[in-house]
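Enquirer: sequence plus the predicted model coming up.
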Amino acid sequence: MEKIIEIYTDGAAKGNPGNGGYGVYLRFGTKIKELSQGYRLTTNNRMELLAVIVALESLKTTSYPVRVTSDSKYVIDSITKGWVLNWVKKGFIDKKNEDLWRRYLHVAKNFSLEFIWVRGHNGHFENERCDILAVQAAESRNLLIDEYYEQHESSNKLF
């Protein structure tokens with residue numbers, strides 16, 4: 001049986017934009033690791049994508065295939081349908097989250113990746129756990145600043 005690194009992710013935002021957070025559940029064989037972090041002003045889509053990025057960046061090896069499972073159609077479809085590659089070709093004109101998409105593409109090139117979409121809030125154990133981690137992170141007092149979002153994208157939403 002081939003060894004595979006399994007990554008489960010979720011993002012949350014209290015208000016959109018608002019406080020946000022991501023949750024990650026990683027499994028390799030019997031080893032499990034959880035990651036989460038909250039931000040004071042961000043969006044759900046940014047947290048969904050950041051969860052995948054942080055998970056990949058946390059891996060210490062590229063020797064095994066990686067399966068990423070998420071309830072985010074935004075993330076899964078953008079990757080599996082090749083939309084993000086078209087956005088790169090067009091210079092991300094009128095597209096949001098360029099910073100995170102570029103960061104994703106930089107880290108993803110090192111891995112053999114498979115992506116699976118699951119329906120959220122549907123009893124999937126790992127997805128439910130990621131949701132709990134993401135919500136707790138968004139509600140925590142230890143909120144970081146999503147600098148790119150606050151400097152480049154949030155100003156467009158003031159009026």
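Expert: Everything's here; your move.

Enquirer: might you report the residue contacts of the residue nearest to Gly120 when sequence neighbours are not counted?
Expert: Nearest non-adjacent residue to Gly120, counting by C-beta to C-beta, 6 or more residues apart in numbering: Asp71, 3.4 Å away. To be clear about C-beta, it is placed using only N, CA and C from the backbone, and glycine gets the same treatment. By C-beta atoms under 8 Å, 6 or more residues apart in numbering, Asp71 lies in contact with Asp10, Trp117, Val118, Arg119, Gly120, His121, His124, Asn127.

Enquirer: confirm the fourth one sits in a helix?
Expert: Put plainly, it is Arg119. No. Secondary structure assignment (DSSP: H, G, I helix; E, B strand; the rest coil) places Arg119 in coil, not in a helix.

Enquirer: quick check, pLDDT for it.
Expert: The model reports Arg119 with a pLDDT of 93.

Enquirer: and for it, the neighbour number?
Expert: When neighbours are defined as other C-beta atoms under 10 Å, Arg119 has 10 of them.

Enquirer: now do the contacts for it.
Expert: Per C-beta under 8 Å, 6+ apart, neighbours of Arg119: Asp71.

Enquirer: mind listing what the nearest residue to Val135 once chain neighbours are set aside touches?
Expert: Spatial nearest neighbour of Val135, chain neighbours left out: Ala12 (4.9 Å); criterion: C-beta to C-beta, 6+ apart. Going by C-beta under 8 Å, 6+ apart, Ala12 touches Gly20, Gly21, Tyr22, Gly23, Asn44, Met47, Asp131, Ala134, Val135, Ala137, Ala138.

Enquirer: which one of the residues you listed is nearest to Glu147?
Expert: Minimum separation from Glu147 among the contacts of Ala12 (C-beta to C-beta) is found for Gly20, which lies at 13.6 Å.

Enquirer: name the SS class of the closest one, please.
Expert: Gly20 is classified as strand under three-state DSSP.

Enquirer: what's around it, how many residues?
Expert: For Gly20, the neighbour count with other C-beta under 10 Å is 31.

Enquirer: correct me, but it touches Arg46?
Expert: Yes. Contact status for Gly20 versus Arg46: in contact at 6.8 Å, counting by C-beta atoms under 8 Å.

Enquirer: overlap in contacts, those two.
Expert: With C-beta under 8 Å, 6+ apart, Gly20 and Arg46 have common neighbours Gly11, Asp146.

Enquirer: good, we can wrap up now.
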